Each structure stands twice: as structure tokens, then as C-alpha cells.
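1. Got a predicted structure here, sequence first:
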Amino acid sequence: MKRIGVLAIILSMSIVLGGCVPGDGTYTTDPAGFFWGIWHGWIAPISLILGLFNDTYRVYEVNNTGWFYDLGFYIAIISGFGGVAVTRKSRG
């Protein structure tokens, strides 16, 4: 029963966070900066899955400030996926 609750929370958070994924740039007035790069890096797996079903979702914001957005994006990608491997326990 606990697993169903955790799965429901993860699914609902994925749907809620889906509203914050990068788009195709048509509704963006200001370019995305460093902190948007961090956010888009953290939710990149969700963006990737949503992008498989809808062409308007992107993993990467097309209207960005350049180098600072890239820096934030890659910091979030590296820290997010590297952090998972650090917290795993060894079986042996």
C-alpha cells in the first residue's frame, strides 16, 4: 500500500512539473538564464519523456542567454544523475 502512495505522489509531481518544461520558444518573452538552466536540467528526464509524445516540449530551452544557461543546465544534469550513484548502497 505504501508503494502505491509513493507512486501516486511521483506521478502527480511529474504532471505538475510538466508545466515547467522548456517549450519551443513561441510563448517565451525573456530568455532563460542560469537559474532556469538549473531547473531545466533537473527536470530533463521529464522533458524527455513528454517530448516523445508531443513535439512542442523540448529538453533544452531554445530562447536562452547562452553560456550561463548552459552552465546551469549542465551543473544540474551532472549533480542530479551523479548524486543517485553516490547514495546507493553496495550489495557485497
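-> In hand now; what should we look at? Here the structure is a predicted model, which means the values were calculated and not measured.
2. how near is the residue most central in space within the chain to residue 1?
-> By CA atoms, centre = their mean, the mean C-alpha position of the chain lies nearest to residue 43, the distance being 1.2 Å. Distance of residue 43 to residue 1, computed by CB to CB, to the nearest Å: 28 Å. For the C-beta atoms, the positions are set from N, CA and C on the backbone; glycine is no exception.
3. what's the pLDDT at residue 62?
-> We have a pLDDT of 83 for residue 62.
4. Which of the three states applies to it?
-> The local conformation at residue 62, judged by DSSP: H, G, I helix; E, B strand; the rest coil, is coil.
5. How many neighbouring residues does it have?
-> Other residues within reach of residue 62, judged by other CB atoms under 10 Å, total 13.
6. ok, and the closest non-adjacent residue to residue 77?
-> residue 41 (4.5 Å; CB to CB, 6 or more residues apart in numbering).
7. And that neighbour, which helix or strand is it part of?
-> helix 34-42 (DSSP states H and E).
8. next helix or strand past that helix?
-> helix 44-53.
9. I am finished for the moment; much appreciated.
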